[in-house]
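>>> Below are the sequence and a predicted model for it; my questions follow.
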Amino acid sequence: MLVCYLDDSGKDPQNRVTSLGGFIAPDVCWEAFELTVEPIFRKYEVDVLHAKKLHGTDGPFRGWKINKKRAFVAEVCQKMQPFIPLGICMSAVKDTYQVRAKESSRKRTVTAYTFCFNVIVQRLFTHAIVGQKANEDGVAFVLESGHESNGELERSFDGIQRKHGHEISLHSLTFVGKKKCRAIQVADLIAFYGRRHGAAQEKTAPEGRPGIKPDPMLEIIQHYVPIDSFVATEFDQGAQSSGTPFQIPLDRLKSLAREQPQ
């Protein structure tokens, strides 16, 4: 079966954009990746990869020059290339989402974090690269433990299983600590740099957004693994979904940010 590892970025109040991102691959490929990438971490003396610490030159990355950071990420992603077919990142503007959620007819709607997860589930089962295999073999999701909305996300996942289990094969949802596996650590890479790119898109006028180049780190990742990346900047009735960033119609928001299952 396919296993999708996801991590989040941007839950802090100072970040207007929250993101959930990671990678999907067959379970046997994740096992092979974990084995082949470990010598890279030993070579660079990195115990745990936190993208925020990498970007801020903190923790095990203290004193690193930019070229060393990029070389490390490139070597890690090079090990991913034979095994990982797709990266995915979904972002949402938190304050706009909260306003539109309150305006919807639902008594209770999920947080932007869970909303991003629900969109990822939808996209993976219809994706050109992994959609067929997802439908044939099913998908298991693994997210980082510790997020305050994980309980809500788990209830939403159970609701999707009950409502759409006959249409799509959702195997399981589990949570793992950052130190437990490299897969959740590389998910942090795409979540962090995907959020930064989404934030840059969000604060730029629509006509200027196509000209915004991704962070060099995101470009390095994309060089080895294709990334399906979106940022929801508005949730208005009749808005069209096209490209990055995109807008989600309010009726689709209502179906995705559904009432929490009892």
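Done, it's in.
>>> Dump stretch 216-233 to PDB, restricted to CA.
Presented in PDB, the C-alpha positions along stretch 216-233 are these (Å, rounded to 0.1, in the frame of the first residue of the first chain):
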ATOM      1  CA  PRO A 216      16.000  27.600  -3.500                       C
ATOM      2  CA  MET A 217      15.500  24.800  -1.000                       C
ATOM      3  CA  LEU A 218      12.100  24.100  -2.500                       C
ATOM      4  CA  GLU A 219      13.600  24.100  -5.900                       C
ATOM      5  CA  ILE A 220      16.200  21.600  -4.800                       C
ATOM      6  CA  ILE A 221      13.400  19.300  -3.600                       C
ATOM      7  CA  GLN A 222      11.500  19.700  -6.800                       C
ATOM      8  CA  HIS A 223      14.500  18.900  -8.800                       C
ATOM      9  CA  TYR A 224      14.400  15.300  -7.400                       C
ATOM     10  CA  VAL A 225      10.700  14.800  -6.500                       C
ATOM     11  CA  PRO A 226       7.700  16.400  -8.200                       C
ATOM     12  CA  ILE A 227       5.600  18.500  -5.800                       C
ATOM     13  CA  ASP A 228       1.900  19.200  -6.000                       C
ATOM     14  CA  SER A 229       1.600  22.400  -4.100                       C
ATOM     15  CA  PHE A 230      -1.400  24.700  -3.500                       C
ATOM     16  CA  VAL A 231      -2.300  27.600  -1.300                       C
ATOM     17  CA  ALA A 232      -6.000  28.500  -0.600                       C
ATOM     18  CA  THR A 233      -6.200  32.300  -0.400                       C
END
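>>> following the biggest strand by length in the chain, which helix or strand shows up next?
Once the chain is assigned using DSSP state E, the strand that runs over the most residues is strand 17-26. Next in sequence after strand 17-26, counting helices and strands by DSSP states H and E, comes helix 27-44.
>>> Next, the angle from the longest strand of the chain to helix 27-44.
Orientation of strand 17-26 against helix 27-44 (axes from the mean of the first three to the mean of the last three Cα atoms, to 10 degrees) gives an angle of 110 degrees.
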